[in-house]
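> sequence isn't available, so here's the structure alone:
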Ligand SMILES: [Zn+2]
Ligand SMILES: [Zn+2]
């Protein structure tokens, strides 16, 4: 059940003004004023099928058209409402729906989204950061107040669509699309605004302050509603979409929320075990290396990874130990290693040897 205007009205208007803002319902359905009820229903069914939100899920223009079509059918299919509507049209002078343009000018097409790439230092991906982005975007033209008309000039009915804002594709099909000449407003600008050349919007450079939360990764997107391009002729702004690229860190490698790093061990630490302080993004942690640790063994330190972007907590830090084999030993140390070698149990060579390392 749709009551009243399909679009959200920006402000309550006096009752007398409402009539002037009505669409020409006959033009919306592509029918003439003397069409029968059966023909109205057929015209509506064809259009409703074409512009149904079920098949145009992501198409805002189709959705807006569908709402207009439904509204037109709701009025014209009700004989008493239709009579009332016809009479109002006569009162208004029987002219083309100038009001159509008025309405779309107030709640016009939404502006495009604006995509801005942002490079982040690794540390800022960890902590989050507030950045001031210099963005160039379409904004309402100040000279003409987004109307596109030279100040003082009177808009005229669009000759291409006859003021309906829709044009019909072919004689036999019931396909209609937004009038390209007037962008669906139903009006043409007789004298375009010199500042924006009649488009109602102009490019301006501005600073957008964006709060980047902790945990952003390369390719992650942040959507800031209403900070994109202005729509034509006073339409609402699209969104600002910030796409981040995070610089690599020399120590930590990132995979999702987890971090990976390597830790060199002396051969003595690996053999006898040790307690080694490890730098993490969230303070130092003592990592306990058990006696007999092997090179390549991985230790997990919980909750010392990246902050989770859309959730509580942090990922983990995985530390891979690398046992450094000493080189260039002096004679005395070499002799000690030989002695150790004599004390160590035999390690069988061959295929079983590779199974010793896990
Ligand atoms: Zn302008
Ligand atoms: Zn037009």
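Yes, it's here. This is a predicted model, so every value here is computed, not measured. Ligands and ions are numbered 1, 2, ... in the order given.
> any buried residues in stretch 166-186, and which?
By neighbour count, and taking 16 or more other Cβ atoms under 10 Å as the criterion, the buried residues in stretch 166-186 are 166-167, 174, 176-179, 181-186. (C-beta placed from N, C-alpha, C; glycine too.)
> distance between the ends of that stretch?
According to Cα to Cα, to the nearest Å, stretch 166-186 extends 8 Å from its N-terminal end residue to its C-terminal end residue.
> hmm, it touching ligand 2?
Yes: with Cβ under 5 Å from the ion as the threshold, stretch 166-186 lies in contact with ligand 2, specifically through 179, 181-182.
> could you check how far the residue of the stretch 201-350 of the chain found nearest ligand 1 is from residue 219?
Evaluated by Cβ to the ion, the stretch 201-350 of the chain has residue 202 as its residue closest to ligand 1, separated by 6.7 Å. Plainly put, residue 202 is 32 Å away from residue 219 if you go by Cβ to Cβ, to the nearest Å.
> who's more crowded, these two?
When neighbours are counted by other Cβ atoms under 10 Å, residue 202 comes out ahead of the other of residue 202 and residue 219, with 18 against 9.
> what about the residue of the stretch 251-358 of the chain found nearest ligand 2, neighbour count?
Taking Cβ to the ion as the measure, the stretch 251-358 of the chain has residue 310 as its residue closest to ligand 2, at 44.4 Å. Other residues lying near residue 310 total 7 when counted by other Cβ under 10 Å.
> list the residues that contact the closest residue in space to it that isn't next to it in sequence.
Taking Cβ to Cβ, 6 or more residues apart in numbering, and ignoring the residues beside it in sequence, residue 310 has residue 215 as its nearest neighbour in space, at 7.9 Å. With contacts defined as Cβ atoms under 8 Å, 6 or more residues apart in numbering, residue 215 is in contact with 125-126, 128, 257, 306-310.
> could you identify the most distant pair in the residues you listed?
Using Cβ to Cβ, the two most remote members of the contacts of residue 215 are 126 and 310, lying 15.9 Å apart.
> that older thread, can you add pLDDT and give the buried residues of stretch 166-186 back as TSV?
Putting the buried residues of stretch 166-186 into TSV (pLDDT from 0 to 100) gives the following:
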residue	pLDDT
166	84
167	82
174	66
176	78
177	81
178	81
179	82
181	78
182	78
183	75
184	80
185	79
186	83
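> out of the residues you listed, list just those in strands.
Mapping the buried residues of stretch 166-186 onto strands (DSSP state E) picks out 166-167, 176-178.
> ligand 1 contacts on the stretch 151-300 of the chain?
With the criterion set to Cβ under 5 Å from the ion, the stretch 151-300 of the chain comes near ligand 1 through 193, 195-196.
> just the ones in strands from these, please.
Counting by DSSP E, these contribute nothing to strands.
> re the thing from before, which of the contacts of residue 215 fall within helices?
When the contacts of residue 215 are checked against helices (DSSP state H), the matches are 125-126.
> which one of the contacts of residue 215 sits closest to residue 46?
Sorting these by distance to residue 46 puts residue 310 at the head of the list, at 43.8 Å, by Cβ to Cβ.
> any idea how far residue 281 is from the closest one?
If you measure residue 310 against residue 281 using Cβ to Cβ, the figure is 19 Å.
> ok, and what's touching stretch 28-43?
Counting by Cβ under 8 Å, 6+ apart, stretch 28-43 makes contact with 26, 44, 47, 68-69, 71-73, 76-77, 79, 86, 164, 166, 168, 174, 176, all of which sit outside it.
> in that stretch, what's buried?
28-31, 35, 40, 43.
> for residue 82, which residues are in contact?
When contacts are counted by Cβ under 8 Å, 6+ apart, residue 82 is found next to 75-76.
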